[in-house]
Structure formats: structure tokens, C-alpha cells
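In: Got a sequence here, can you build the structure:
(chains A, B and C)
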Amino acid sequence: MKFAILFAAGAACLATAAIADNAILVQSTTSTKNAGLYDYILPMVKADTGITVNVVAVGTGAAIKNAMNCDGDVLLVHSRKREDQFVAAGYAKQRYDVMYNDFVVIGPAGDPAGIAGGTDVTAAMVKIANSKSKFASRGDDSGTHSKEKSLWAMAQIDQAASSGDWYRETGSGMGATLNAAVGMGAYALSDRASWGAHANKADFKIMVEGDQRLFNPYGVMLVDSQKCPNVRSKEGQIFIDWLISAKGQAAIASFTFDGKQLFFPNAR
Amino acid sequence: MPIYSESFAAAFGLLASSDRDLMEILALSINVSLASLVLSCVIGLPIGAFLAMRHFPMRDFLVGVFNAMMGLPPVVVGLLVYLHLSRSGPFGWLGLLYTPQAMVIAQMILITPIIIALSCQVLEDLHEDYKDFFNSLVVPKRTALLAYIIDARYSLMTVILAGFGRAISEVGAVIIVGGNIDHLTRVMTTAIALETSKGELALALALGFILLAISLAVNFLVQWLKASARRRAYV
Amino acid sequence: MSNQTAMAQRGLMPITVQNITLTLNERMLIDDLSCIIKSDGMSVIMGPNGAGKSLFMRCLHGLAKPDMGQILYADIPLDPVIRQQQSLVFQTPTILRRTVLANLLFVARQRGIDDPKISMDYLAQLQLDHLAQHPARLLSGGEKQRLALARALIINPAILFLDEATSNLDPASIETIETNLQSVSKQGMKIILVTHDIGQAKRLADDVLFLHHGKLAEHSPAKSFFQKPKSAAAKAYLAGKLVL
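Out: Just a heads-up that it's a prediction; the model follows:
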């Protein structure tokens, strides 16, 4: 008898989730989350719209797949090509620009490949490959990872052939990869925001920046309710509208870390 | 290493100021772990007792299966639960993904085999001791089962403690099915993972020390209970 | 104690054992044993070690099953209902990991006796009432066995079996137990005990079943058994010789 009651109580705990009615789920990236952008703007969103925004931060590839599985209402990632594919496949009606920043190459103060102060990212990568200096890659199908792979391709280097040698694929989020890079004295490609906010820098510095090819735009999409009937379209659209509104854009611009702005609004 | 003193200081600071975020995360950790532990015991103890009492052809095979399941990799369990609870999965309509309930489910799958396998072991010994007496009295199986669980209560505490240890330290499964969402599904372990990924190593370690302290406190409490039980020959 | 015992007893006796045999690992432990145990008095089963005394008692109580033959209680084959009207006190009692009173209550509740006062009365009878809240497993050997007897008696069995229940006990405990046995026997409860204590057998037995190598060598009234045993094995046993 006692068992039955306990079990019922437990089952009641499992009863359909009590997520706030005015809540949406955003599939997004580790770079935005770790930088602290969401901690900064989401309270504002709640105050202005009454919507609670819950963010799941995984790699861009995982975020897109999750959205395709209908496990999210809004997708906010940074991989233009795959975002366009997402829309083309009918998972979203449209893609909105929301903000951008740039990628940087970070490395140890000792700079074994001699790339410090450079503005040409592919030249730097050639130097890294030739000197077989350690390089820590995301290796996780994320937006950062896609960008990194495209840069190796532009530099005409087959970095995958050296995987496990000087090219180390961590298969992890930005923060974990940065920890790994710092831990083994390796170079890495990171978005400026994540690097700026990362607390475990040791003696690492930004080695290469400013190359136009390091441009990193973010896009936001509402998951289409025809593909995914469970999507909270109304609240999702309100969130997106807030992000691209003057207020939202100003909020993004006002987010700083250590006095530096990390994300630059560019909605049209 | 300076990080130890930094972390200890941070830990004390957080606790002393009853940091609101910390309290929220602690409360959720304990809630999720306790809920999954209680449910696992409700399911696992009777099964363990049943396996200890009866010998049927499949019994040894089943005991072997549960023993093996004690070694289930949490991240694999997390992935399987995720696939089932995803909107595109068979139980997506329940809307349980990214909720504390999903975390409880994942932890239950991890803990129940531990409870079954270990309680079966404990109760087997008791069964050897009691079976002639119960046979002579013609005690119905259900009464015997309950009597075993009650009489082995102190030995079972060790079993339950093992389950608690697994629950409170779990991160691999709960981070996948819970999503580590701020103010919703963030527990101590996933918070530690997050702070580590942000490079906030001292803070992560501080949270780790707090978690350790809780584990130690629970363990000491149970040890004290068992010592007093031993004195009264209840084990 | 009530007259329930006497009434129940009329329903179960006599015990008719018909040609039971029990073989284990190719050894015949009980060999074509037949006997009739009547309702009057205390029956004592005796014999050298390994004669099959305990095994025979376990068969009578349904804890062991003979390969051949049957055991009838008033012409009814042994079944769970009949078993519930029996109690067996083991040589080493199984003491639950609870208090003394809780041990007794557990058994009482199995037979629907919910009133704790009845349990306390039985404890008092066996001089255990001052230990009611004591952890039962911390009791001395004699106290544990008195508790086992209290547990056996509280369900008002028609037949009480004792399997070497007082070996290893101090004389005071043995006396308490024997006094209780004689008392309940007078009130109509059938008592069958296995013992290798010849003195105890002489004190308690009304009839003796002497086993040797799994066979019933002799079944006689106590007086004639002790004065003039019929079988050679019994003669040797009573004379204190090793019976091979």
C-alpha cells in the first residue's frame, strides 16, 4: 500500500512538465552563451515581453539538428550556409540578421609558429602547419568549426591528415576547447566574444585578427510550425522581433566584457 | 597551488552569503537526486528482494543483466532518453525534454540497476538466514519480501547511499536531457561543467567542494546510523 | 492458554507415517520409515548423530519432502493449512533484527493475533517481559531460545516440534523451557521433540522413537524403552557407547 502511494507521488512529479506558459526554447551556440550575452539580454526580454527564454547551448550542428527534430522554437546560430539550407528545406520561413563579431586566432605567448601580430589568417595557418605547432580545433560540427575548416581549405592545407599529431580535435564546445588549447599550449580559432569572456587565459594572447575572412555573422530563425506543430510561433516571433528592434539591437551593442563590446548588431 | 585557497575562499563566500543562484542550483540538485533515488528504490528494492527470494530458471541471467547495467555509461543513457523524449521521438508528445523531470528519468535508469543488484546481494544473505523460519510459519511471499526489506534496513542504507552517490554526481546524462538551462535545469554538476568551460576554474572548483561537502555529510550521517545499529545488532 | 489447542489437536492426530524414504546424493538418509504417533503425551525422537532424526522431523513439518511414501495427519496428507497449525523450534533460532517484542508480534500477526497484550503475556510466561524492548539479537542463547518458544506457542499450534532446541543451553533456561513444555502438553498440545540429551528424554518422554541409519529401530513407551530397550542399537546408545 505504502509503495503505491510513493509511486503515485513520484509519477506525479513526472507529470507533464510545468514549463511556464510564456516560455520558449532557443537552440543556440556555446559561443553566445559562454560570453554571457544571454544572461545580459534575457532579463530585458522578460521585462519587455513577459516571455521566459530558455536557452540550450550546443554546437551549431547540434542546434540545427535539434531544431529539425522540433526540439526548439527558435534557432540562433552562426553558420550562414547551413542557416540558408535550413530555410530552403522549409524548417523556417526566413532568416534574420541579428548581430556579428569576428573570429581571432589565439595562441601562447611563446608563439612557436611566429604568427603574432598578423592580419592574414591563411598565411598564419600555413606557418602553423609548416612548423607543426599544436592547434586545438572544435572538431564538433559547430559554426566555429565550419569556419575553421573553410580557412584550412583556403590555405590549401590538409589538416585532417595530421589529426592526433599537431592538429588536435577536441570535439567540444568553445570553452572546453579553449581550456584544452591553454592546457597544451596550442593555437586555436575562437570567436572574439568567447575569448574575451574566457577566464582561463594563462599567458595566451590574440595572435591574428582583422582579416575580412574572419567575419562572423549570426542569424536567427523561427522554426516553422508546419514542420513542427508544437512550436510556440507567437512568442518565438515576439522574441525575434525584440532582437531586431532598435531596443534589442541597442541592448546587444551595450553588452560589454572587460569594457569591450563583444557583439555588433546588424539587423536590417 | 593557489587555486585551492582561492576555491575554498570562494566556496565559503558563496555559502556564507547564501548566494541566490547557488541556493537555487543546490535545491534543484537535491530535488532531482532525491526524486530519482526514491523512485529507483520503490522500483528496485522489491525487484531485488524478489530476485533474492525466488530461484527460477531465468533468475541468474537477470541478476547478471542488472549487475552489468550498473556499469551503464551515463552519457549513453542520456542520449537514449533524449532520443525518446525528443519531439520527433516516441514520447515527444509528453513535452518532457529539457525539464527536471527528464533528468529524473535519466537518473532513474542509471540508479535502479544499482539498487536491484546490490539489494539482491544483501537480501540473499538474509534469505539464507530466514528462509527456514518463514517456511515453517508459512509466511506469504509478499509479507516475507517486506520483512526482508525492513530487517535489512541498515545494510540497505549502504545500497541506497551508493544510489545517492551516483545520483548527486551525475552530469553526463542530465546535461543532455536537461540542457543545463539557467534557472530551469541547471544543477551543481552541470554548473561545474559550465563554469569549467567558461574557464572559471576557481569557481568551478568551489562548487565542487560544496558538492563534496554535501556528499560527505550524507555519508557521515549514514555511517553514524549504521554504527548505532551495529551496537544494537540490527545489521 | 485456551482449549483451542485441544480442539485443533483432535483434528490433526494421529500422525501416520507410511513408508517414507529420502535419498540425497545417492545416500539413503531415511529408509522406508513407518510409524503412528498418537495424540497423548510427549513423543521423543532419539538416535545417534546422523541417524536422520532432524531430517525426519523436517519431513513431518513439511520442510523436507520424502521421495517416496506419505505423511498423513488424521488421514489427510500434509498441506499448508495443516502446517499452519504446527510450530517448530529450531536448534538455532532465527531471530529477526528487531526488538524481542517485535519478534513475537511478527509471528502473532501472521495468525491474526493483533493484541500486543497477548504477546506480553507470553513473554512474561518465559520470563522475557523485562527484555521486551531489547534488541533481540543481543540476547543470550537461552533467552533467544525462550523467545523462539514464545513465538512457537503464541500461535496456539496443535503440534509443537522441537529440533534439539535445548542443546547448548544453560540449565536454568532448559528448566524454564521444559516446565513450559510440560505445562502446554498437559493442556492438550502434542509435543514431538528431537534430542540427544538422554536425561532430557527421560524427564519428558511419554514414548520414544529410536532411529538408526534412517530406519525406525524401535518405537516404545518411554518406561519400557529406558528399562528394557528392544534393539541392540538402542541398548548400546543408552549404555553410552558409540553406535556406528
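In: So C:R111 sits against C:A152, correct?
Out: No: contact between C:R111 and C:A152 fails when scored by C-beta atoms under 8 Å: they sit 11.6 Å apart. Where you see a C-beta, it was placed from the backbone N, CA and C, and this is true even at glycine.
In: Who has more neighbours out of those two?
Out: C:A152 (25 against 15; other C-beta atoms under 10 Å in any protein chain shown).
In: Now do the contacts for the more buried one.
Out: C:A152 is in contact with C:S87, C:L88, C:V89, C:L160, counting by C-beta atoms under 8 Å, 6 or more residues apart in numbering or on different chains.
In: Keep only the residues you listed that also lie close to chain B.
Out: C:S87, C:L88 (C-beta under 8 Å from any C-beta of the partner chain).
In: Residue numbers of chain B in contact with chain C?
Out: So far as C-beta under 8 Å from any C-beta goes, chain B lies against chain C at B:129-130, B:132-133, B:135-139, B:143, B:147, B:150-152, B:232-235.
In: what about C:N156, how many neighbours?
Out: Count around C:N156 with other C-beta under 10 Å applied: 18.
In: Check the one 3 residues further on too.
Out: By the criterion of other C-beta under 10 Å, C:I159 has 26 neighbours.
In: what residues are up against it?
Out: Applying C-beta under 8 Å, 6+ apart to C:I159 gives the contacts C:Q9, C:L12, C:M13, C:I15, C:Q85, C:Q86, C:S87, C:M189, C:K190, C:I191, C:I192.
In: mind redoing it with 7 Å?
Out: Contacts for C:I159 were tallied using C-beta atoms under 7 Å, 6 or more residues apart in numbering or on different chains; they are C:L12, C:Q85, C:Q86, C:K190, C:I192.
In: C:Q110 too?
Out: B:L137, B:V139.
In: Next, give phi and psi for it.
Out: Dihedral pair for C:Q110: phi -60, psi -30, per degrees, to the nearest 10.
In: quick one on the thing from earlier: which ones among the contacts of C:A152 map onto strands?
Out: The members of the contacts of C:A152 that map onto strands under DSSP state E are C:S87, C:L88, C:V89, C:L160.
In: I'd like to know which of those residues is nearest to A:S131.
Out: Ranked by distance to A:S131 (C-beta to C-beta), these are led by C:L88 at 86.5 Å.
In: Is the closest one bridged to anything, and to what?
Out: C:F161 (DSSP bridges).
In: How many residues are close by it?
Out: Using other C-beta under 10 Å as the criterion, the residues surrounding C:L88 number 26.
In: Also near chain A: which of the residues of chain B next to chain C, exactly?
Out: With C-beta under 7 Å from any C-beta of the partner chain as the criterion, the residues of chain B next to chain C include none near chain A.
In: who's in contact with the closest residue to C:I198 other than its chain neighbours?
Out: Leaving out its chain neighbours, the residue that sits closest to C:I198 by C-beta to C-beta, 6 or more residues apart in numbering or on different chains is C:L238, at 6.7 Å. Residues in contact with C:L238 (C-beta under 7 Å, 6+ apart) are C:I198, C:F226, C:P229.
In: swap in A:A180?
Out: Contacts of A:A180 by C-beta under 7 Å, 6+ apart are A:A136, A:T170.
In: Next one: it from chain C, what distance?
Out: 53 Å (C-beta to the nearest C-beta, to the nearest Å).
In: to the chain's geometric centre, what's the distance from stretch B:221-235?
Out: Offset of stretch B:221-235 from its chain centre (C-alpha atoms, centre = their mean, to the nearest Å): 21 Å.
In: Just the CA atoms of that stretch, as PDB, please.
Out: The C-alpha trace of stretch B:221-235 is given here as PDB (Å, rounded to 0.1, in the frame of the first residue of the first chain):
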ATOM      1  CA  LEU B 221      25.200  10.600   8.700                       C
ATOM      2  CA  VAL B 222      24.600   7.100   7.300                       C
ATOM      3  CA  GLN B 223      27.800   5.700   8.900                       C
ATOM      4  CA  TRP B 224      26.800   7.100  12.200                       C
ATOM      5  CA  LEU B 225      23.300   5.500  11.900                       C
ATOM      6  CA  LYS B 226      24.900   2.200  10.900                       C
ATOM      7  CA  ALA B 227      27.300   2.300  13.800                       C
ATOM      8  CA  SER B 228      24.500   2.700  16.300                       C
ATOM      9  CA  ALA B 229      22.600   0.000  14.500                       C
ATOM     10  CA  ARG B 230      25.600  -2.300  14.800                       C
ATOM     11  CA  ARG B 231      25.700  -1.800  18.500                       C
ATOM     12  CA  ARG B 232      22.100  -2.900  18.700                       C
ATOM     13  CA  ALA B 233      22.800  -5.900  16.500                       C
ATOM     14  CA  TYR B 234      20.400  -4.700  13.800                       C
ATOM     15  CA  VAL B 235      22.800  -5.400  11.000                       C
END
